[in-house]
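>>> Mind folding the following:
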Amino acid sequence: MSQKEAPPGGAAHGAGGRAGQWAGGGSGVAAQRAAGAAAAAPVRGGGAAGLLHRSRGRASPRRLARALRQRVARLLTTTYQDCKDCHATEKLQEVEGLAISRASARRLRQRLGRPAKHRRRPRAYRARRERRARMGALVQVDASPFDWLEGRGPTMSLHGAIDDTTGTVLALHFRPTEDLHGYTTVLAAVAAQ
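The predicted structure is shown next:
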């Protein structure tokens, strides 16, 4: 046990000494005493090292066999070197007949120091449209239905025309709905300017 893993000075031994001294009223006192005794038992038996898990430092019983690990490592570095983890796992199971999970294949690849295979897509090209050079070269027309009167009247659509170069509002017109009449009224107002 390292210094970092050891509990702070006296904490482990103090827990062992106070386990039977807890007192209090209520129905949970017996359960508290039992829990305290169960927590203090490993400390009494082995000191601070009694807090460590007993399987610490041992190999996992579910670990892949050494021969299987070596065979998979050889296949990952030769035959399936250009495959992603999932694809390599599928090939190992179907073609080679090896029972191995994707996570195990990934761990073996990482231990071999091989980078993950990713398909690198180029960034999507997005170019902003340049504004027009002169006022009036492009006029944007749209309508937006909204409660413009804030509950004091019906919901209406505001039809509008905006110049692309300067962002100047050229014309606005309210209509009950977004319709052709609203758009023609706005365009007539823009043409009259």
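
>>> And for the residue nearest the centre of the chain, nearest residue in space, chain neighbours not counted?
The residue lying closest to the centre of the chain (CA atoms, centre = their mean) is residue 118, at 18.0 Å. Leaving aside its chain neighbours, residue 118 sits nearest to residue 84 (7.9 Å; criterion: CB to CB, 6 or more residues apart in numbering). C-beta coordinates here come from the backbone N, C-alpha and C atoms, glycine included.

>>> what's near enough to touch residue 107?
For residue 107, the contact set (CB atoms under 8 Å, 6 or more residues apart in numbering) is empty.

>>> Distance from the chain centre to the helix or strand it falls within, please.
For residue 107, the element it lies in under DSSP states H and E is helix 102-111. How far helix 102-111 lies from its chain's middle: 22 Å, per CA atoms, centre = their mean, to the nearest Å.

>>> Can you point out the buried residues in that helix?
102, 104-106, 108-109 (16 or more other CB atoms under 10 Å).

>>> Run through this structure and note the low-pLDDT ranges.
1, 5-28, 39, 42-45 (pLDDT under 70).

>>> tell me which strands and helices the longest helix seen in it is in contact with?
Longest helix in the chain by number of residues (criterion: DSSP state H): helix 29-46. If you count contacts as 3 or more CB pairs under 8 Å, 6 or more residues apart in numbering; DSSP states H and E, helix 29-46 packs onto helix 11-18.

>>> what's around residue 51, how many residues?
Residue 51 has 17 neighbouring residues, counting by other CB atoms under 10 Å.

>>> Next one: it from residue 90, what distance?
Distance of residue 51 to residue 90, computed by CB to CB, to the nearest Å: 43 Å.

>>> do the same with residue 77
Residue 77 is 18 Å from residue 90, by CB to CB.

>>> okay, now the nearest residue to residue 134 once chain neighbours are set aside: neighbour count?
Once flanking residues are discounted, residue 134 sits nearest to residue 165: 6.4 Å by CB to CB, 6+ apart. Burial of residue 165 is recorded as 14 neighbouring residues (other CB under 10 Å).
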